[in-house]
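Undergrad: Need coordinates for the following:
(chains A, B, C and D)
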2 protein chains.
Amino acid sequence: MSPKERILEKTLILFHQRGYNATGINQIIEEAKVAKASFYQHFKSKEDLCVAFLNERHSYWFKQLEQFTSKEKEPKTKVLTSFDFLIFMNEKENFRGCSFLNILSEIPSDNTKILSVLQSHKQDLRVYFQNIIVDKLLSDHIYLLFESCIIESQLFKSNQLIEQSKEIIQTLLA
Amino acid sequence: MSPKERILEKTLILFHQRGYNATGINQIIEEAKVAKASFYQHFKSKEDLCVAFLNERHSYWFKQLEQFTSKEKEPKTKVLTSFDFLIFMNEKENFRGCSFLNILSEIPSDNTKILSVLQSHKQDLRVYFQNIIVDKLLSDHIYLLFESCIIESQLFKSNQLIEQSKEIIQTLLA
DNA sequence: AAAAAAACAGACAAGTCTGTCTGTTTGTTT
DNA sequence: AAACAAACAGACAGACTTGTCTGTTTTTTT
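TA: Just a heads-up that it's a prediction; the model follows:
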């Protein structure tokens, strides 16, 4: 495993688990067992690493979502299973929420470089629901519920509102 | 105006505008024109200031919301006006989103002291909608849409999804 | 007016952070 | 084997951070 891979592997864990600002370069290179000079050979700055992290997280997260819901073909069950995926991820990752939304709160609002990466991730999620539900107002409706489920379960460290959202969706897609 | 008041006044602006971690004690006391020793006379730590800030922000935000929606008596229009309040605040505060959710992303997830303040703020918001809409599943539904509206407008620096949510609510409360 | 309390300025400690640099060692390619 | 490239360890600069402490000045209370 190359140094660059080792860095990304540890970054994936640390940035998500402890956040962007709370995770130092020194901690990353120590855990990845990479020399500092080597780190800066591959990433020109911490911001650069952040973009790389977000791209990694993007593929990782979507791959998992697709996998988790791949067996479902009916729109309604596919949507409901997507919400189950949130529960699955919360258990797996201790209610740490969404890396993209977390970083949104950590960067200055004029950082367009990172902001655009965050935006396109969420845009892709929006499209994910549009591909399941043809009605655009309805698919956005579900996207919004999905987003708040992520946030609320992080805040309350509970899946309760996800379960409740599933009930809501039962009636929406009746 | 006392030093403590001047500190809270500036903190209210800085923590919301630039975030918790990005705002230093030194910057606060400089802008508030307060000596450092005086600061630590009133607040025993930055975390202590954070709690005070959240309490201030809580009253400030709810007072504004109540005021903005006080003229509306019908449940439906009161809810819709609440969403207009988000637009109003976005324009006023440059799409900085919710201080409570922002700080949620900035603190370590085991900081129960601050976490409980965040939780009770959102609990109050949930109750706010429960007082308008008797049906609990429906009021939570609206609460969830409200929450994602805050997040999404911060992310996309746009009120588009708020307007769309208003359309959704039109049909929900038909 | 005298005494007590509060706020002042600002140095300082001890730690953090990112990013640069020097020089050595390892691994690969020719 | 010689030459090149990559990774290594780790010191260092420079700038931050929170929080403490000293001593002076201002304000309030008695």
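Undergrad: Quick one: residues contacting whichever residue of chain A sits closest to chain B.
TA: Using CB to the nearest CB, the closest approach of chain A to chain B is made by A:S105 at 3.7 Å. Every C-beta, even on glycine, is put in place using the N, C-alpha and C of the backbone. Applying CB atoms under 8 Å, 6 or more residues apart in numbering or on different chains to A:S105 gives the contacts B:19, B:97, B:101-106.
Undergrad: how far away is it from DNA strand D?
TA: Per CB to the nearest atom of the strand, to the nearest Å, A:S105 is found 17 Å from DNA strand D.
Undergrad: and A:S59, what element?
TA: Per DSSP states H and E: A:S59 is located in helix A:46-69.
Undergrad: Need the mean per-residue confidence for that helix.
TA: In this model, helix A:46-69 has an average pLDDT of 98.
Undergrad: That helix vs chain B: in contact?
TA: No - Helix A:46-69 lies apart from chain B when judged by CB under 8 Å from any CB of the partner chain; the minimum separation is 13.3 Å.
Undergrad: Give the other helices and strands that that helix contacts.
TA: Using 3 or more CB pairs under 8 Å, 6 or more residues apart in numbering or on different chains; DSSP states H and E, the elements in contact with helix A:46-69 are helix A:3-18, helix A:25-32, helix A:75-93, helix A:99-106, helix A:112-132.
Undergrad: How many neighbouring residues does the nearest residue to A:F156 once chain neighbours are set aside have?
TA: Leaving aside its sequence neighbours, A:F156 sits nearest to B:Q119 (CB to CB, 6 or more residues apart in numbering or on different chains; 6.2 Å). Using other CB atoms under 10 Å in any protein chain shown, B:Q119 has 16 other residues around it.
Undergrad: before we move on, the earlier item: wait, which of the contacts of A:S105 is closest to A:E5?
TA: For the contacts of A:S105, the closest approach to A:E5 (CB to CB) belongs to B:S105, at 27.2 Å.
Undergrad: give me the element the residue of chain A most remote from its centre is part of.
TA: Going by CA atoms, centre = their mean, the residue of chain A most distant from its centre is A:A37, 29.7 Å out. Per DSSP H and E, A:A37 falls inside helix A:36-42.
Undergrad: any bit of that helix sitting next to DNA strand D?
TA: Yes - for helix A:36-42 and DNA strand D, the contact criterion (CB under 7 Å from any atom of the strand) is met by A:36-38, A:41-42.
Undergrad: separation between the residue of chain A closest to chain B and A:H42?
TA: Counting by CB to CB, to the nearest Å, the gap from A:S105 to A:H42 is 27 Å.
Undergrad: swap in A:I151?
TA: A:I151 sits at a distance of 33 Å from A:H42 (criterion: CB to CB).
Undergrad: about what we covered before: isn't the residue nearest to A:F156 right next to A:S158, touching?
TA: No - between B:Q119 and A:S158 there is no contact under CB atoms under 8 Å: 10.1 Å.
Undergrad: Run through the residues of chain A sitting next to DNA strand C.
TA: A:23-27, A:36-37, A:40, A:44-47.
Undergrad: Going by distance to A:S82, which of the residues you listed wins?
TA: Proximity of these to A:S82 (CB to CB) peaks at A:T23, which lies at 28.9 Å.
Undergrad: related to what we said a few turns ago, the helix holding A:S59: which residues count as buried?
TA: Neighbour counts over helix A:46-69 (16 or more other CB atoms under 10 Å in any protein chain shown) mark A:46, A:49-50, A:52-54, A:56-58, A:61, A:65, A:68-69 as buried.
Undergrad: Not counting its own residues, what contacts that helix?
TA: Contacts of helix A:46-69 with the rest of the structure, by CB under 8 Å, 6+ apart, involve A:7-8, A:11-12, A:15-16, A:20, A:25, A:28, A:43, A:78, A:81-82, A:84-85, A:88-89, A:99-100, A:103, A:111, A:113-114, A:117-118, A:121, A:124, A:128.
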